[in-house]
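1. Give me the fold of what follows.
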Amino acid sequence: MKITKFGHSCLLIEEKDARILIDPGSYSTGQNDVRDVDVILITHEHQDHLSVESLQKILPNNPVAKIYTNSEVGQKLSEAGILWEQLGDKEQVTVKGLLIEGVGADHALVYKTIPVVRNTGYMIANRFFYPGDALNVPDKPVEILAYPTVAPWMRMAEAVDFAKAIKPKVAFPVHDAFLKFPGPYYRFPEQELGAIGTKWSVIEEGKSIEV
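-> Model (predicted):
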């Protein structure tokens, strides 16, 4: 599996013949130029995960790409005239022989006065898990975890405990555009997850790793 990071939470996953773009949001760069995408997954409606403007630039270059997301995001896409198909919690679709499964229904609570939006994490090819803005643990083993680094809805201790509960073979940080000084937010999970045998890999913006 090849994983390319376009910054913050936007990723391109390449597995076998499938190319899957995740969360092309407003905090990411470079995703508008990607080609030959089969699937676009969107976890939730917040602008750092969903940029309609970005989608309007991506889709003309990827005419066969299908967008899968939950119904709440889908409503916003419909309002913009963008086609989509539903893939919510406990739902699944197969694309080029790869299984994609929805995990979770709601965004983590930011504060009691802030409405909770729908959030769907995605398990890809029974290997890779991307949780979006929630800490739902899948009911199956995870080999590769996109680790949420910092967020208004989460303490670092919660993120580390989430990853420890999953016990992936490999973890890499996402949701990190907020960080001016990422050092401790990378070093501490590397230390703690390394103790349980998880390899920690930081992907620089615009770069890739292969697992």
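
2. okay, now Leu83: neighbour count?
-> 10 (other Cβ atoms under 10 Å). Bear in mind the C-beta positions are built from the backbone N, C-alpha and C, glycine included.

3. any idea how far Trp84 is from the nearest residue to it once chain neighbours are set aside?
-> Spatial nearest neighbour of Leu83, excluding adjacent residues (Cβ to Cβ, 6 or more residues apart in numbering): Ile67 at 6.9 Å. Applying Cβ to Cβ, to the nearest Å, the value for Ile67 to Trp84 is 4 Å.

4. can you list residues touching both of these two?
-> Residues touching both Ile67 and Trp84 by Cβ atoms under 8 Å, 6 or more residues apart in numbering: Leu77.

5. In CSV, please show the C-alpha coordinates belonging to stretch 203-211.
-> What follows is stretch 203-211, C-alpha atoms only, in CSV (Å, rounded to 0.1, in the frame of the first residue of the first chain):
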residue,chain,number,x,y,z
ILE,A,203,4.9,11.6,6.2
GLU,A,204,6.0,15.0,5.0
GLU,A,205,3.5,17.0,3.0
GLY,A,206,3.5,15.9,-0.6
LYS,A,207,5.5,12.8,0.2
SER,A,208,4.7,9.1,0.3
ILE,A,209,5.4,5.9,2.2
GLU,A,210,4.9,2.3,1.2
VAL,A,211,3.7,-0.3,3.7
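
6. any residues touching it, and which ones?
-> So stretch 203-211 is contacted by 1-7, 29-30, 143-144, 169-170, 172-173, 201 (Cβ under 8 Å, 6+ apart).

7. Perfect, that will be all.
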